[in-house]
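[1] Okay, sequence plus prediction incoming.
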Amino acid sequence: MTIRKTAKWQRALDERILEHLDDEPWSTPELMELVEGIDATAAQIRDRCRVLADAELVAIYKKNEWNVELTTLGQLYLIGEADINLYPRPRHPRSLED
């Protein structure tokens, strides 16, 4: 079992989002809302994705719709190779709105 080095700002929802993106090449908040184990609305998922993107764990592409994918840092975090506490704390989701 991998021991992840989580940060104090992280939430359980963040873990579920990252784990889902590890299984899927990309997703949207609306699709993630339907995933078993992710108990959150699309708006809540979108807010957490903003935070995760600010922490460089995911990338967001907004050309046609909100596509989210795992970054290399996000993959390293999931396998326990990145300590998120060593990176700058992400900003509040309200300050990151489109």
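    In hand now; what should we look at?
[2] Secondary structure element for the closest residue to Leu70 other than its chain neighbours, which one?
    If the residues on either side of it in the chain are set aside, Leu70 comes closest to Leu21, at 4.1 Å by CB to CB, 6 or more residues apart in numbering. Placement of C-beta: from N, CA and C, glycine included. Applying DSSP states H and E as the criterion places Leu21 in helix 12-23.
[3] who's in contact with that helix?
    When contacts are taken as CB atoms under 8 Å, 6 or more residues apart in numbering, the neighbours of helix 12-23 outside the stretch itself are 4, 6, 27, 32, 35, 37-38, 40, 44-45, 48-49, 51-52, 57-58, 68-70, 74-75, 77-78.
[4] Just the buried ones among the residues you listed, please.
    Using 16 or more other CB atoms under 10 Å as the burial test, the contacts of helix 12-23 include 4, 27, 32, 35, 38, 40, 44-45, 48-49, 51-52, 57-58, 68, 70, 74, 77-78 as buried.
[5] which stretches of the chain form strands?
    Using DSSP state E, the strands found in the chain span residues 58-61, 67-70.
[6] Tabulate those strands (JSON lines), appending distance to Leu13.
    As requested, the strands of the chain are exported to JSON lines (distance: least, CB to CB, whole Å):
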{"stretch": "strand 58-61", "distance to Leu13": "13"}
{"stretch": "strand 67-70", "distance to Leu13": "13"}
